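Student: Have a look; sequence and predicted model below, questions after that.
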Amino acid sequence: AGANMAMQANALPQKSANSDGYSDMPLNVRQKTAISVIEQWQPVANEHKKYVSTALTILTNVLYKPKELKFQTLRLSKPGVKKKIVDVNGGVKILKLAGFEQAISDSSESILRIAPPATIEEFEQLTDIWLILLKTQFNWGIHPDASAAKNGAALPSKFTVPNNLASQMATYFEQNEIAKSAQFQSFVQNSNNIQLSPTALERYTFFAKAVQLLIANDSHNFFDIDCQNGLNDMDASNVAAMIVSEICSGYYDEDEAYTNLILAEDLRIMAQHAGHQPNMAAYPQLQTDSNEEKTAAVDAEDEKSPAVPKEEEKEDNGGGVCTVFDIGCGWGNFGRLLMDKSLTAYLQQIEQESSEWKTVKIYGFDIAPDMIEICKQQKFDRFYEQLQAFDCQRDELTQYKDGSVDIIVSCNCMMQHKKIGHPNEAFLIEADRLLKDNGWMVITRRFHGIHLGLELYAYLMIAQQLGWKNVFASRIREIFYIGWQKMKKPN
């Protein structure tokens, strides 16, 4: 599995051949094995609590600072490591399940080491064990924030994943004088207040104005991939770019057992609401148009908007064109991460290894013209064939031809905020019209709980009725993602 990340190029030497069988272990088995180790810790002792805290620190450092080599090696003879990790029953095993491997250093010392995570699967397995330890800590009544606990803060009533974006953004704002201005604060407050910004257009217009204030004097830092503001970190756009690169390169591995495990709790929640059965008949505006009416509508719009390249269109180099729609493109972060070879190796990987596609063309759509304007100001529009201010919740995509798109991606746009105008599950019906047979629908979104439940329910129901194949569902850190493939319908 997967396209390497150029920004994580400083890899360790090759892993040892002796992997104890963990390297080939299916992801769902990793989860169950880690849980079985923790369940054996009865009664729960102080050493177990210290282990969970220490192991969480180790995994968090690798997940959030994957380029820093100092976090990728553990000396097992070091007194603190021996006491808190090695001497705990199953302690080393859990770290191996997360991706660490035992080896002998050049100085003949026993170590655990991990290569910088570079593929979807490697990030998944790290995240899985990290989440299990976080949930264990919560179940044991341990406050996730040690400093808050010392100040007498009560344990949160509901389990949540750490909000890395909020904490990093707060730190960034504290260090930025523009962010302290009354005008900036007003834009941010208006963007986050549903009474003041009841629609998606209003919300992201205010957000764009806040960003424009910041970048007036600080554009390079704010958009730099290494800027610690949370937005350029391993967020929804980066995860989507990784997924699309693996799909295009033919690397994406299907793990049905693991996907079913991830969705198991969501499916249980759905079963409790069986009386609420979303179906395509609930969206008549997308059901009544005949194919002839759709074709006529497309023909009428041909002069207004260029058609997406046809399936048979080829580049001079003999490779095919992969057409990607970016729904809710914002300032174009997905496009630059996928296409800018100076940031990541994604596009280069596709060009070198894809037998089907040699060229990727992205079409970006966003409800807020101000967001698209930022994209153009930063010259990120060079990564897109076309950018348009569209309301994708409505039928504004009908001008594009049936079966003309290979991949539709939504980064932190769909599967949330549908009451203010984000595209909802009905969009899958329009996506089915746009996608070619075997085309892909990929949704990534930031999510700080464990299970999406009813938020995911309607999407799965519609996808099932469309005959789509649920290929993957998982998460990397606080980013949940899911992908379907449109299957060719029988004649």
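Tutor: Alright, I've got the coordinates.
Student: Next, the buried residues of the longest strand along the chain.
Tutor: Residue-count comparison of every strand in the chain, with assignments taken from DSSP state E, identifies strand 435-446 as the longest. Using 16 or more other CB atoms under 10 Å as the test for burial, strand 435-446 gives L435, K436, G439, W440, M441, V442, I443, T444, R445, R446. No exception for glycine: its C-beta is placed from N, CA and C like everyone else's.
Student: List phi and psi for L347.
Tutor: Main-chain dihedrals, L347, degrees, to the nearest 10: phi -60, psi -40.
Student: what sits against the residue nearest to it when sequence neighbours are not counted?
Tutor: Counting by CB to CB, 6 or more residues apart in numbering, L347 lies nearest to M339, which is 5.2 Å off, once chain neighbours are set aside. For M339, the set of contacting residues under the criterion of CB atoms under 8 Å, 6 or more residues apart in numbering consists of Y346, L347, V360, I362, F383.
Student: Against A55, how distant is M339?
Tutor: 37 Å (CB to CB, to the nearest Å).
Student: biggest separation within the buried residues of strand 435-446, which pair?
Tutor: Pairwise distances across the buried residues of strand 435-446 peak at 29.1 Å for K436 and R446 (criterion: CB to CB).
Student: quick one: which helix or strand includes D326?
Tutor: D326 is part of strand 320-327 when elements are defined by DSSP states H and E.
Student: correction: Y363
Tutor: Short version: Y363 belongs to strand 357-366, going by DSSP H and E.
Student: what sits up against the helix or strand just after that strand?
Tutor: Stepping forward along the backbone from strand 357-366, the first helix or strand reached (DSSP H and E) is helix 369-377. The set of residues external to helix 369-377 that reach it, using CB under 8 Å, 6+ apart, is 204-205, 207-209, 211-212, 215, 219, 329-332, 364, 366, 381, 384, 387-389.
Student: now the helices for the stretch 101-250 of the chain?
Tutor: Taking DSSP state H, counting those that start in this stretch to define them, one finds helices in the stretch 101-250 of the chain at 120-139, 146-150, 164-174, 182-192, 200-223, 236-249.
Student: could I get stretch 57-72 in CSV with only the CA atoms?
Tutor: The C-alpha trace of stretch 57-72 is given here as CSV (Å, rounded to 0.1, in the frame of the first residue of the first chain):
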residue,chain,number,x,y,z
THR,A,57,3.0,9.9,24.4
ILE,A,58,5.2,7.7,22.2
LEU,A,59,2.5,7.1,19.5
THR,A,60,1.3,10.7,19.6
ASN,A,61,4.9,11.9,18.9
VAL,A,62,5.2,9.6,15.9
LEU,A,63,1.7,10.5,14.6
TYR,A,64,2.0,14.3,15.0
LYS,A,65,5.7,14.7,14.4
PRO,A,66,6.6,12.0,11.8
LYS,A,67,9.7,13.7,10.5
GLU,A,68,11.5,13.9,13.9
LEU,A,69,13.9,10.9,14.1
LYS,A,70,14.3,11.2,17.9
PHE,A,71,10.7,9.8,18.3
GLN,A,72,11.3,6.8,16.1
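Student: tell me which residues of it are tucked away?
Tutor: Counting neighbours by 16+ other CB under 10 Å, one finds that the buried residues in stretch 57-72 are I58, L59, T60, V62, L63, P66, F71, Q72.
Student: Quick check on the first one: phi, psi?
Tutor: According to degrees, to the nearest 10, the main-chain angles of I58 amount to phi -60, psi -50.
Student: my read: it touches L95, true?
Tutor: Yes: using CB atoms under 8 Å, I58 is in contact with L95, at 6.9 Å.
Student: Quickly list what's touching both of those two.
Tutor: In contact with both I58 and L95: L74, using CB under 8 Å, 6+ apart.
Student: so how far is E353 from S107?
Tutor: Using CB to CB, we find S107 at a distance of 38 Å from E353.
Student: Neighbour count: those two, which is higher?
Tutor: Neighbours were tallied for S107 and for E353 using other CB atoms under 10 Å; the higher tally belongs to E353 (13 against 7).
Student: Excluding sequence neighbours, find me the nearest residue to that one.
Tutor: Looking at E353 with CB to CB, 6+ apart, the closest residue is S249, at 4.8 Å.
Student: and the one you found, how many residues sit next to it?
Tutor: 21.
Student: likewise G483?
Tutor: Residues contacting G483 under the criterion other CB under 10 Å number 25.
Student: low-scoring stretches of the stretch 251-400 of the chain, by residue?
Tutor: Per-residue confidence of the stretch 251-400 of the chain (counting by pLDDT under 70) places the weak regions at 253-319, 394-395.
Student: And the helices in it?
Tutor: Here the stretch 251-400 of the chain has its helices, by DSSP H, counting those that start in this stretch, at 256-271, 291-301, 333-339, 346-353, 369-377.
Student: and the angle for the last one with helix 200-223?
Tutor: This means helix 369-377. 30 degrees (axes from the mean of the first three to the mean of the last three CA atoms, to 10 degrees).
Student: buried stuff in helix 369-377?
Tutor: D370, M371, I372, E373, I374, C375.
Student: How far away from the center of its chain is it?
Tutor: The gap between where helix 369-377 is centred and where its chain is centred comes out at 23 Å by CA atoms, centre = their mean, to the nearest Å.
Student: Can you check what angle separates that helix from strand 357-366?
Tutor: Using the same axes, to 10 degrees, helix 369-377 lies at 140 degrees relative to strand 357-366.
Student: ok, Q393 - contacts?
Tutor: With CB under 8 Å, 6+ apart, Q393 has these contacts: A200, I367, K418, G421, H422, P423, N424, A426, F427.
Student: Pull out the buried positions in stretch 138-149.
Tutor: Of the residues in stretch 138-149, those buried under the neighbour-count criterion (16+ other CB under 10 Å) are F138, H143, P144.
Student: Distance to T323 and pLDDT added to those, as CSV?
Tutor: CSV is the format used below for those (distance: CB to CB, whole Å; pLDDT from 0 to 100):
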residue, distance to T323, pLDDT
F138, 43, 91
H143, 48, 83
P144, 43, 81
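Student: Including distance to V409, could the residues you listed go into JSON lines?
Tutor: Putting the buried residues of stretch 138-149 into JSON lines (distance: CB to CB, whole Å) gives the following:
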{"residue": "F138", "distance to V409": "32"}
{"residue": "H143", "distance to V409": "37"}
{"residue": "P144", "distance to V409": "31"}
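Student: ok, so of those residues, who is nearest N192?
Tutor: In terms of CB to CB, no member of those lies closer to N192 than P144, at 23.5 Å.
Student: can you tell me how far the closest one sits from A153?
Tutor: Relative to A153, P144 is positioned 10 Å away (CB to CB).
Student: before we move on, what about N89?
Tutor: N89 is 31 Å from A153, by CB to CB.
Student: Most neighbours of all the contacts of M339, which one?
Tutor: The member of the contacts of M339 that has the most neighbours, counting by other CB under 10 Å, is Y346 with 26 neighbours.
Student: Thought L337 was touching it, still the case?
Tutor: Yes: when contacts are counted by CB under 8 Å, Y346 is listed as touching L337 (7.1 Å).
Student: Report the set of residues contacting both of those two.
Tutor: Taking CB under 8 Å, 6+ apart as the contact definition, Y346 and L337 share the neighbouring residues A241.
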